[in-house]
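Enquirer: Pasting a predicted model and its sequence here:
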Amino acid sequence: MVKNEIVKRAKNAGMFSVQIDSTQDISANDQCAIAFRYVVGDRAKERLVRLVNVNNSSDKCLHSLLQNSLAEIGLTLSQCIGDSFDGAANMSGVYSGLQALMKAARPSHIHTWCYAHVLHLVISDASSECVAAINLFGLLNEMCLVFNDSYKRMKVWEEHMQTKTGNKKRLRLERIGQTRWSSRCRALRKLLGNYADQSSELFSDFLIILQDVSEATDFKGSVRYEAHKLGENLRKFETILMAFIFIRIFEIIIPVSDYLQTPGLDIMQAWRMINKATESIEKISRDFNDIYETACGFVVRANYKLEVKIFVPNSFSISTSRSSRSAPEHITDKKKIFEVLYHNTVIDAVLSSI
C-alpha cells in the first residue's frame, strides 16, 4: 500500500529522479536500494521504493535492473529527469556508466555526483594519506575492540566510570566503520572532546584503565601486553597531535555532511555551505601552531589525572608515508617536518578532494 502511494505520487508529479546505491549485507549479498525523489506541491519528497539483490554490478546490468523495476510499477526511464549516484565508474562513468545509459533514454537527463559520497571520499583519502593517520584510526579501532570484545575488561571500565560519574552509563568508543566515516569523528570526539573544549574527554580514563589492566594479575599475559602497548601508543604526543588535526577538519565538514542528508534541503544553501567549508579549511591549512598549542594544553590538563605522564617531546618520531615522500632537505626541525609531512599532507588531501 505504501509503495503504491509512492508510485502514484511520482506518476502525478509527471517526472522524478532516482537514487541508487548498494552495499553488502551481513550474509555477504549485495543489496541495491532504489529511491525516488519527486515534488508534491512545493515540497521535494524522497522515498525508498525497492531493495533488490544484485548479482552483477556492471553498468548494463544495473541499467536493466532499474528499467525492469520501473516497468513493474508502470514507470519508464523517459520519465526520469535526473539521478544521484556515487563516483564509481560503473555508476557515474561519462561514456559507459549507468548515468550515460540513462541519458540515452532522455538526453536532458541530469546526473549529480552525490556530494555526501564526495565527502566520504575526502575523509577516506585523508585518513589513509600518511602513516600517522593510518596508525591513529587503527589505534582507535584496537581500543574499541579491547574493551567491547571482553565482558571482563568492560566490567573494569564500567566500574571506573561509575566511580567517576556515579552511574553505570556505558560510555564506549565507537568502532570505526569503512563506509560510515562519521564514526571516526564520533570516536575522536568521544576520546578527546571538541577542538575548543576538551572537558568531556575520556582520554585520561582510557589510559588509566589500560594501565590498570596491564598491571592486573588476573588477566592473561597477552591481554596485559596488549593493554600496555595500546597505552604506550595512545600516550604518544604525535598521536594526540594527529587526532586534533582530524577533529579540526571534522568540525568543519560534519555540519555540511549532515545538511546534505537532510530531507528537502535547499540546493543553494548546500553549495554555500560547501564553499564556506572549503574556505574554512583553506584558512587553517597552514595554521599548525594553533593545533600544536591545543595539543600541548590538552596534555597539561590530562597529566593532572595521570600517574604515568605524557611528555611533549623536543623531537618527533617521523615515519615515511605510503608514497615515501620526505620533507625538503633544508628543513631539519622535527616539529616543522611533522607539520610538512603530516599536517600539510592531510589538509592538502582534503582540499584536493572536496
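Expert: Alright, I've got the coordinates. Just so it is clear, the structure is predicted and the values come from calculations on it, not from any experiment.

Enquirer: Strands of the stretch 51-200 of the chain, residue ranges please.
Expert: Applying DSSP state E, counting those that start in this stretch to the stretch 51-200 of the chain gives strands spanning 80-85, 110-113.

Enquirer: Return the distance of the lengthiest helix in the chain from the chain's centre.
Expert: Counting by DSSP state H, the longest helix found in the chain is helix 237-260. Here the centre of helix 237-260 is set off from its chain's centre by 10 Å, with Cα atoms, centre = their mean, to the nearest Å.

Enquirer: Show me which positions of it end up buried.
Expert: 237-250, 252-254, 256-257, 260 (16 or more other Cβ atoms under 10 Å). Quick note: C-beta positions are derived from backbone N, CA and C, even for glycine.

Enquirer: returning to that earlier point: of the strands of the stretch 51-200 of the chain, flag the one that's most buried.
Expert: Most buried of the strands of the stretch 51-200 of the chain by mean neighbour count (mean count of other Cβ atoms under 10 Å) is strand 80-85; its value is a mean of 21.

Enquirer: Give the pairing partners of it; include direction for each.
Expert: Applying DSSP bridges, strand 80-85 is found paired with strand 16-24 (parallel), strand 110-113 (parallel).

Enquirer: among the ones you listed, which gets the worst mean confidence?
Expert: Mean pLDDT is lowest for strand 110-113 out of the strands paired with strand 80-85, coming in at a mean of 80.

Enquirer: how about G82, what does it touch?
Expert: By Cβ atoms under 8 Å, 6 or more residues apart in numbering, G82 lies in contact with S17, V18, H109, I110, H111, T112.

Enquirer: Can you name the residues bridging to it?
Expert: S17, I110.

Enquirer: roughly how far apart are it and I247?
Expert: Counting by Cβ to Cβ, to the nearest Å, the separation of G82 from I247 is 36 Å.

Enquirer: again, but for I274
Expert: Counting by Cβ to Cβ, the gap from I274 to I247 is 20 Å.

Enquirer: same deal with I123?
Expert: Distance of I123 to I247, computed by Cβ to Cβ: 12 Å.

Enquirer: my read: R248 touches F288, true?
Expert: No: R248 lies out of contact with F288 (Cβ atoms under 8 Å); the separation is 10.5 Å.

Enquirer: Helix or strand for V7, just tell me which one.
Expert: In this assignment (DSSP states H and E), V7 forms part of helix 2-13.

Enquirer: In the helix or strand following the longest helix of the chain, which residues are buried?
Expert: Downstream of helix 237-260, the first helix or strand assigned by DSSP H and E is helix 267-284. Residues M273, I274, A277, T278, S280, I281, I284 are the ones in helix 267-284 that count as buried (16+ other Cβ under 10 Å).

Enquirer: I'd like to know which helix or strand in this protein has the lowest mean pLDDT.
Expert: In the chain, the helix or strand scored least confidently by mean pLDDT, DSSP states H and E is helix 89-92, which has a mean of 70.

Enquirer: Sticking with the nearest residue to R224 once chain neighbours are set aside, tell me its helix or strand.
Expert: Distances taken as Cβ to Cβ, 6 or more residues apart in numbering place S214 nearest to R224, at 4.9 Å, with adjacent residues excluded. S214 belongs to helix 203-215 when assigned by DSSP H and E.

Enquirer: for the next helix or strand after that helix, what is the average pLDDT?
Expert: Per DSSP H and E, the first helix or strand lying C-terminal to helix 203-215 is helix 221-234. Helix 221-234 carries an average pLDDT of 91.

Enquirer: Show me what helix 221-234 is packed against.
Expert: helix 131-148, helix 203-215 (3 or more Cβ pairs under 8 Å, 6 or more residues apart in numbering; DSSP states H and E).

Enquirer: if you set the cut-off to 6 Å instead, what comes out?
Expert: Packing partners of helix 221-234 (3 or more Cβ pairs under 6 Å, 6 or more residues apart in numbering; DSSP states H and E): helix 203-215.
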